[in-house]
Each structure stands twice: as C-alpha cells, then as structure tokens.
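Enquirer: sequence first, then the predicted structure, then my questions.
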Amino acid sequence: MEYFVQQLVNGLTLGSIYGLVAIGYTMVYGIIGMVNFAHGDIFMLGAFAALIVFLVLSPIIGLAGVAVLVLLLAMLVVAMLVTSLWNWTIERVAYRPLRGSFRLAPLITAIGMSIFLSNFIQVAQGPRNKPIPGLVNNVYNIAGISISLKQIVIMVVTATLLAVFWYIVNHTPLGRAQRATEQDRKMAALLGIDVDRTISITFIMGAALAAVAGSMYLIYYGVASYNDGFVPGVKAFTAAVLGGIGSLPGAVLGGLLIGLIESLWSAYFTIAYKDVATFAILAFVLIFKPSGLLGRPEVEKV
Amino acid sequence: MSGEPLLKVRGVETYYGNIRALNGVNVEVNQGEIACLIGANGAGKSTLMMTICGSPQARTGQVIFDGKDITRLPTHEIARLRIAQSPEGRRIFPRMTVFENLQMGASLDNLKYFDEDVKRIFKLFPRLEERQSQRGGTLSGGEQQMLSIGRALMARPKLLLLDEPSLGLAPLISKQIFEAIKELNKTEGLTVFLVEQNAFAALRLSDRAYVMVNGNVTMQGSGKELLANPEVRAAYLEGGRH
C-alpha cells in the first residue's frame, strides 16, 4: 500500500510537468488549429536557460539559505523570458506567414523549428547530459511515504499556474479575446480584437508554462540534455490529446494520467514497456472517445 | 464632416481569388441616415459589407469613413473607428454565453459602459436577458439574430452595418427588429446601412437605397422612389410581401 501511494506521488509529480507542457500544445491548437511540434523543444530550451542561469549565478551568490530561493526565482524568470521570446519569434517568422495556406504547411515548419532548436542547442551546448547538483534536497516522511520538497514545489506550482491560467482564460478580457479568436477569428476582428496579437500572446503564455516545466524538470532530475524536448514533448502532446485537445483542464488531466500510468506501470511491470503502455491507453481511449476525455464533441448549431 | 457623407465607397472592386465579386461599386451613406442595399442572392451585397470592414480588402477603389481612407486598414482597426457589423450568418460565438457575446461587443471600451449599455440591449430584446447565461450556439435563429445585433450595438457604433437582419425570422420578430432599428436611428441618430432580401420592409425604412445586380449598383434613390419604381417593383416586390 505504501509502495502504491509512493508511486502515486511520483506519478503526480511527473504528470504535473507533462500537464504544464500540454497546456501549451492545447492552447495553440485551440486558437489556430495547429500542432506546434516545436513546443517540446521550447520546454528543453527552458531547462537550458535555467541551467545557464544556475551555472552563472551559483558561484556568485552561493547555495546557502536564501540564495537558493533567489537562484530558483532567477532561473524561472530568465527561462520564461527566453522561451517567450523564442516562441514569439517562431510564430512571427515561421507560422504567421503560412496562416491561411494548406494545413500541412505550418505543421512541417513546426517540425523544422523543432529540429533547428534541438540541433542548435546540441551544437552550442554540446551533446552530453548537463548535470546540476541537487538544489532542494529536503525529504519528508509521512506515514512511510517519502515525499521530497521538490515534488511538493512542482505540484504546488502546477496547481497555482493552472488556477491562474484558468482564471485568465475564463474571466479576463484577454481570455475572452482568446476564446473568441478560437471560435471565429473573422468575427473577433470585426469586434476590434487584434487577432495576430492575441495569437502571439497565446504563444508567449504557452512558452512561459513550458519554461516553468523545463526548469522544474531540470531541478527534479538534476540533468538537462539537448534532446529532452523530444520524448517529454511527445508525451505532453499525447497528454493534450488524451485529455481532449483544446481543453485546458483536459491537458492537465491528461498529463497527470500519463504521469501516473508511467510510474505505476514501471513500478509493477517492466519499465522498458512504460511508453508502450502509455500509448496503448491513448489508443484505447481515442477508440471510444475520439475527442479525448474532456474534449467537446462538435455539436453546434450553425 | 459637414456635407461630406459618413461613409463613401468609391469604385470598389473586390475579388475572391480570380473571381470578381464587386465591379466598381459606388455607395454613400450620410450621417444619421438609414441606407439599404437590396438585390438577389449572390449579387455581392454581403461582400460589400465585408469589404467596408476590410475582410476581404478592396483590390481597387476606396472606402472612406468619416473623411479617412480605411481601404487598407486591418479589420480590427476599422472596428475601432466604430464601424460595427452584424454579419451574414450572424457569427455568434457558439461556446460563449449570451452575456459573454455581449461583452465581446463591448471590448473596444474595455467594458467601460457595459453595465448601462447591456441594460439598454436587454430592454430592446428582453429575450436575451432570459437567455443570458445560455451558450450562443444553443439559441434559436431569431435569438441569435437579436444577439448579433445587440452585440454590434454594444460597440457604440457610429455606423451600424446589418447584413440581412430579418433572415430566417418570424414576420413578427422581423417587424420588431425593423422597429428597433428605426427607433435607434430616430432617438440616437444612429447611422445604419443594411442589406436586405425583404426589400419592401427595407425600402420603407430607408432614407436612401441602392439596388445591386451582379456586383454592380444598378439603381439608387430614396427608399420611396425605389418603392415606386416599376423595375424595382417587378424584380423585388411584386409577388413578395405587401
């Protein structure tokens, strides 16, 4: 039983990270109907930005007491800025000019952007894994289950960001503009919404979340690699599809489920097959619920 | 402003790909007027409405609003000059509530006048108040039409473009809508430019009227003149509603 709960905790931690990345996929898909395949690499870029901040700052301010907190904040903020700028730029130069062309065109550029970014990091930062020392190492023991401060931080940050995003999308003018753009771009423009700007902001929001996820991934596993964008990126995309692409709560639910499936499968069966299990469940769900768990079935009066 | 029409469309040609939908259209609407455009299906009426809003933009010719050339402005900037449209097909946001749809209408002022304006809309269309927390996509056609007009009014427009406000409505409701338009024009001096298939009602309402055939304006005059015109009567009125 303790073992099971322990795996639940691990799964939820991993799932939180997937969920944060999945939100970026789902928001961009929702607003322009395109899968941003470079989003996984945005996540990786966030981890590297955080890594560089760590390597530059830690010799200066040290790792004692408050310094760690400052360091973590600096890592998060810089990672968010760098990824936002990058995602904003690729939307401007690689996706926007293709808007209105055939559906596959932006998808192919997105794959190109993904390869470009991971190769750039490989060349600029080297192909080896980059380790960092453990930053917050406190581990608590509650009724036989050990839960680390890192895990708590990851879950709390995810829950907070989700609440903030949910609020923005549902209760602010910006969120209304995003939903309007998603539902009818032309009508949104007729009402004075700057559609291009709204789409840009959506890319920036997705990138900021991916940066948080990337930084936390770095802190949790203590290592970053140029190809970290690929497998976690595909998993997060899977999470978005599983939860129902276009749905914000769906993305988080999908992320948590995939985290749980992975860690429980690894705990009770063979770790080598964990990805097979994940994708098998995805296929299974999609057979019975093609729009995903919380996706909306398309019934609209026109 | 004085003497100059509020909206001036000069020699506008609009294309969809290689197909020319508007053939050098000239239209004017004065401040405080109700103007209408009648014509058969596919004549280019809705295209003209959308061209005024820059979506699609005219390939040649000019659209001048309030003395300013808006032909090449992006759609959202044209909207910010207070040209509001209730477009063809109503284009209600289907997964937003009625209330949110009205909020979208008021985005230009960041909801500054929302509370007072929404009261006005609810007074005009009490049905919308009953349905305010219902999703737009679940409304009936007539309710969607009211919402579409209400949403356009929420922008506090200087020029209101209405694309077939009576389409698909029960005669009683369409009569209500025409009365509401007249009322807004009379009490607030709202300038209205509407496209209609219901030529009789539209001409009776309008100070100025245009007839469009195959992307050309073929006739113009006051609403009364066109109502009396035998050609117009034969093509658009006889056999229609009296």
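Expert: Great, that's in hand.
Enquirer: number of residues surrounding residue A:258?
Expert: 28 (other CB atoms under 10 Å in any protein chain shown). (Glycine included, C-beta is placed from N, CA and C.)
Enquirer: contacts only, for it.
Expert: The contact partners of residue A:258, taken as CB atoms under 8 Å, 6 or more residues apart in numbering or on different chains, are A:15, A:18, A:235, A:238, A:239, A:242, A:278.
Enquirer: from those, which is closest to chain B?
Expert: Distance to chain B, by CB to the nearest CB, is smallest for residue A:242 among those, at 21.0 Å.
Enquirer: on the pLDDT front, check that closest one for me.
Expert: At residue A:242, the model reports a pLDDT of 92.
Enquirer: mind checking the SS state of it?
Expert: helix (DSSP: H, G, I helix; E, B strand; the rest coil).
Enquirer: leaving out sequence neighbours, find the closest residue to it.
Expert: residue A:254 (3.9 Å; CB to CB, 6 or more residues apart in numbering or on different chains).
Enquirer: hang on, the one you found packs against residue A:237?
Expert: No - the criterion here is CB atoms under 8 Å, and residue A:254 misses it with residue A:237 at 9.6 Å.
Enquirer: just the element for the residue nearest to residue A:242, please.
Expert: helix A:248-268 (DSSP states H and E).
Enquirer: next secondary structure after that helix?
Expert: Next along the chain from helix A:248-268, counting by DSSP H and E, comes helix A:274-288.
Enquirer: give me the contact list for that next one.
Expert: A:231, A:235, A:238, A:241-242, A:257-258, A:261-262, A:265-266, A:269, A:292-293.
Enquirer: contact residues of chain B facing chain A?
Expert: Within chain B, the positions near chain A by CB under 8 Å from any CB of the partner chain are B:53, B:55, B:74-76, B:79-80, B:84-85, B:87, B:89, B:91, B:93-96, B:100, B:103-105, B:107-108, B:110-111, B:137-139, B:151, B:155.
Enquirer: these in helices, which ones?
Expert: B:75, B:76, B:79, B:80, B:100, B:103, B:104, B:105, B:151 (DSSP state H).
Enquirer: for the lengthiest helix in chain A, packing partners?
Expert: Using DSSP H, we find that the single longest helix of chain A is helix A:2-32. Packed against helix A:2-32 by the contact rule (3 or more CB pairs under 8 Å, 6 or more residues apart in numbering or on different chains; DSSP states H and E) you find helix A:39-61, strand A:145-148, helix A:149-171, helix A:173-183, helix A:195-221, helix A:230-243, helix A:248-268.
Enquirer: and the third one with chain B, contact?
Expert: No - applying CB under 8 Å from any CB, one finds helix A:149-171 out of contact with chain B, separated by at least 9.5 Å.
Enquirer: domains of chain B?
Expert: B:1-82+B:158-242, B:91-156 (automatic domain parsing).
Enquirer: and the first one, what's its mean pLDDT?
Expert: When pLDDT is averaged along domain B:1-82+B:158-242, the result is 89.
Enquirer: centre of the chain versus that domain, how much separation?
Expert: Distance, stretch centre to chain centre, for domain B:1-82+B:158-242: 7 Å (CA atoms, centre = their mean, to the nearest Å).
Enquirer: circling back: out of the contacts of helix A:274-288, which end up buried?
Expert: Among those, the ones that count as buried by 16 or more other CB atoms under 10 Å in any protein chain shown are A:235, A:238, A:241, A:242, A:257, A:258, A:261, A:262, A:265, A:266, A:292, A:293.
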